[in-house]
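>>> quick one: sequence and predicted model below, then my questions.
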Amino acid sequence: MNSDNKISVRYLTEELAHLKASLELPKGTEYFMSDLHGEYHHFSTVIRSGAGTIKEKIHYCFFNQLDEKAQTDLESLIINPETFLESVSKEEKATEDWIDLTIDRLVSLTKFLSGKYSKEKIISLASEHTDIIDELLFSTSGDPKKISKRITREKLADELIITLSQMIQKLTIDHLHIIGDIYDRGPAPDKIIDFLQNYHSVDIQWGNHDITWMGAARGSNICLMNIIRICARYGHLNILEKAYDINLNPLYHFAFVYYKDNPAFVPKTEDDATVSPHQKSLMNRVQQAAAMIQFKLEHQLIKRRPEFKMNHRLLFNNIDFDQLLMEKNGKVYSLENTCFQTICSKHPDVLTTEELELVAMLRLSFDQSEKLQEHVQFLLDKGSMYLCYNDNLLLHGCLPLNPDGSFQSITLQGEKLSGKSLIDFYEKQVRLCCAHPKKETDFSTDMLWYLWVGEFSSLFGKKEMTTFERYFIADKGTHYEEKNAYYQLRNNQSVCENILKEFNLPKDDAHIINGHTPIKEVKGENPIKGNGKLIVIDGGFSKAYQKTTGISGYTLISNSFGMQLVTHQKGVVHSNKPQALIRRLVDRASRRKLIKDTTEAEKLNHQIKKIKQQIVTLEQ
Ligand SMILES: O=P(O)(O)OC[C@H]1O[C@](O)(COP(=O)(O)O)[C@@H](O)[C@@H]1O
Ligand SMILES: [Mn+2]
């Protein structure tokens with residue numbers, strides 16, 4: 001072996017030892033959240049505080065050194081360093097004592113939290129000043145006075161405090177899973193995506209709401225109308241206009257010409273006082289315009305896709321447009337607050353010339369929205385229909401089941417599909433649709449709408465979505481959306497185990513994690529089901545759903561010792577202050593989980609194999 005090769009072998013051997021050692025470290029802490037529904041502020045507060053974990057760690061690290069007030073101040077600083085620094089007076093901040101003390105505490109906590117991570121990983125979490133951070137955290141010989149002087153002299157204190165605080169946030173959450181429904185109802189889904197794009201480690205399982213945004217951006221005009229309708233319904237057309245730069249002026253004009261205020265379409269605005277009567281009227285009319293185009297397009301789609309088996313949703317066939325009556329399940333209901341002025345009763349699903357022009361203009365604007373396209377691409381890159389990760393199955397809604405617990409099947413494009421193969425088929429169609437944005441009515445594009453409303457959609461999983469009835473029929477019986485048997489059967493351990501087996505996950509230590517159905521904590525519903533095998537983490541991040549849940553969301557945390565579910569209490573989470581929380585144990589690991597037991601190990605083992613081969617080649 002020549003001397004160059006000898007050096008390479010020595011280097012590779014060290015690298016090999018380092019990789020093998022990292023397999024023996026405890027696994028990193030995973031966080032799971034779902035159904036964020038545009039509530040960026042609430043979401044980012046939870047993330048920055050590690051859902052209360054930072055408070056806990058400060059307590060363990062400083063319990064006999066800092067009183068409660070000093071601990072709370074430190075927590076406030078870490079979870080929101082920029083705001084906290086603004087609140088400290090200039091004089092106080094300029095003193096070396098304050099700077100030294102603050103940085104010293106942050107460094108102690110960083111060291112306390114970084115025990116299970118390699119030095120490289122820790123340093124990689126620093127966004128800037130890595131040389132000083134390295135010295136502060138790892139130097140045994142450096143002179144602390146000298147660093148402190150440099151920090152003051154170069155006025156680096158604020159930047160360092162912010163960097164260290166963010167490192168502590170990242171050390172608290174090693175990896176984040178978002179189990180769907182980032183979009184709709186709340187004010188700032190775009191900001192959530194911006195945040196996630198810069199996040200150090202994240203994956204996403206698409207929810208039915210995310211899927212309609214993806215469809216809307218990549219060719220489906222029904223999905224496009226659906227998201228406009230929902231934005232108008234919740235008073236957030238701003239998301240489209242401001243965040244995504246979509247031109248809605250032609251729609252506003254059309255809506256004012258054809259529709260008048262309608263009590264069935266009053267927008268659900270959060271704070272009525274801040275919305276002008278004109279804006280409310282605009283949203284009311286836009287919602288009607290979008291809904292009517294959506295209903296027409298849905299009717300056309302159901303006719304061209306008999307394999308979706310949705311003929312019972314060909315609602316126009318059951319409507320008497322003269323008498324304004326609709327038949328459903330053998331009963332006749334009168335239609336109220338109708339706005340059918342663009343409907344021709346002989347051809348109810350045909351769009352008027354103006355509607356067609358409007359759809360074409362909106363399509364162009366959606367296609368050309370750089371930011372929307374970039375966000376959807378991010379959802380495609382980081383997302384999937386489901387994910388098997390560290391023995392858990394992450395899935396937004398359900399795996400469609402028959403009442404006897406067997407997998408429900410549906411024939412699509414000639415293939416009889418059920419269980420895992422059904423969901424894999426859906427994923428293939430989502431990617432196909434998104435890869436061909438110019439195709440507007442092909443099978444894969446129609447499939448994205450199916451995933452929003454379909455009975456066998458794993459993201460929806462209800463017999464029908466009764467949007468039309470909710471607007472136009474007073475009898476609430478017609479609004480009922482019967483849930484798939486899964487939602488009841490998941491209480492049963494053996495059903496959960498059977499599903500885990502279908503996804504090649506082991507019986508012990510594995511869980512299914514769902515979002516999608518708000519847990520009615522207020523009525524005593526338990527989010528932990530199937531004797532601990534399944535956890536539903538939709539706890540109502542969405543303000544609109546907090547009446548249903550009685551809380552304001554869950555965060556599931558899985559570390560090397562097991563799983564804990566954090567419940568966020570209502571009312572306190574919208575401030576930047578530390579939050580009130582309840583924690584419950586979901587599961588204790590049968591033994592401490594190490595990186596070698598995780599999904600990440602696959603990557604490391606692959607690297608190890610490659611290095612071993614390189615060494616053999618060099619030694620030959
Ligand atoms: O609360 P809204 O805006 O009326 O929406 C109700 C609709 O939302 C859905 O619940 C779907 O949304 P989720 O995925 O958030 O449950 C439908 O089943 C239902 O028809
Ligand atoms: Mn959902």
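That came in fine, so what should we check first? Ligands and ions are numbered 1, 2, ... in the order given.
>>> list the contacts for residue 454?
308, 310, 460 (Cβ atoms under 8 Å, 6 or more residues apart in numbering). The C-beta positions use only the backbone N, C-alpha and C, and glycine is treated the same way.
>>> with respect to residue 486, which of those residues is nearest?
residue 460 (11.3 Å; Cβ to Cβ).
>>> which residue is the nearest non-sequential neighbour of the closest one?
Ranked by Cβ to Cβ, 6 or more residues apart in numbering and with sequence neighbours excluded, the top spatial neighbour of residue 460 is residue 208, at 5.0 Å.
>>> same question for residue 492.
residue 530 (6.1 Å).
>>> pretty sure the one you found is touching residue 495, no?
Yes - using Cβ atoms under 8 Å, residue 530 is in contact with residue 495, at 6.9 Å.
>>> so what does the residue nearest to residue 492 have for phi and psi?
phi 60, psi 40 (degrees, to the nearest 10).
>>> so how many other residues sit close to it?
20 (other Cβ atoms under 10 Å).
>>> ok, residue 243 next?
20.
>>> show me where the stretch 151-300 of the chain dips below the pLDDT cut-off.
272 (pLDDT under 70).
>>> for ligand 2, what are the nearby residues on the stretch 51-200 of the chain?
Within the stretch 51-200 of the chain, the residues that sit near ligand 2 (Cβ under 5 Å from the ion) are residue 181.
>>> in the stretch 51-200 of the chain, what residue comes closest to ligand 1?
Closest to ligand 1 within the stretch 51-200 of the chain is residue 181: 5.7 Å, counting by Cβ to the nearest ligand atom.
>>> same question, the stretch 201-350 of the chain
Counting by Cβ to the nearest ligand atom, the stretch 201-350 of the chain gets nearest ligand 1 through residue 208, at 4.8 Å.
>>> tell me if I'm right that that residue and residue 396 touch.
Yes - here residue 208 reaches residue 396: they are 7.1 Å apart, a contact under Cβ under 8 Å.
>>> identify the contacts common to those two.
180, 181, 459, 516.
>>> grab the longest helix from this structure for me.
helix 277-304 (DSSP state H).
>>> re earlier: and for the residue of the stretch 51-200 of the chain closest to ligand 1, the neighbour number?
The number of residues packed near residue 181 is 28, by other Cβ under 10 Å.
>>> tell me which helix or strand residue 78 sits in.
helix 68-79 (DSSP states H and E).
>>> so how far is residue 396 from the residue of the stretch 51-200 of the chain closest to ligand 1?
Using Cβ to Cβ, to the nearest Å, one gets 7 Å for the distance from residue 181 to residue 396.
>>> any common contacting residues for the two?
Common neighbours of residue 181 and residue 396 (Cβ under 8 Å, 6+ apart) are 34, 207, 208, 515, 516.
>>> export the shared contacts of residue 208 and residue 396 to TSV and tack on secondary structure?
Listed next are those as TSV, based on DSSP: H, G, I helix; E, B strand; the rest coil:
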residue	secondary structure
180	coil
181	coil
459	coil
516	coil
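>>> in these, find the pair that's most separated.
Longest span within those, Cβ to Cβ: 181 and 459, 8.9 Å.
>>> so what sits against both of these two?
In the contact map built from Cβ under 8 Å, 6+ apart, the residues linked to both residue 181 and residue 459 are 207, 208, 396, 516.
>>> next step: these restricted to helices.
residue 208.
>>> circling back: higher neighbour count, residue 208 and residue 396?
The neighbour comparison of residue 208 against residue 396 (other Cβ under 10 Å) goes to residue 396, with 31 against 24.
>>> name the nearest residue to the more buried one, sequence neighbours excluded.
That would be residue 180: by Cβ to Cβ, 6+ apart, it lies 3.4 Å from residue 396.
>>> related to what we said a few turns ago, near ligand 2 too, which of the shared contacts of residue 181 and residue 459?
Answer for the shared contacts of residue 181 and residue 459 near ligand 2 (Cβ under 5 Å from the ion): 207, 208, 516.
>>> hmm, back to that, among the contacts of residue 454, which one sits closest to ligand 2?
Distance ranking of the contacts of residue 454 against ligand 2, using Cβ to the ion, places residue 460 first at 7.3 Å.
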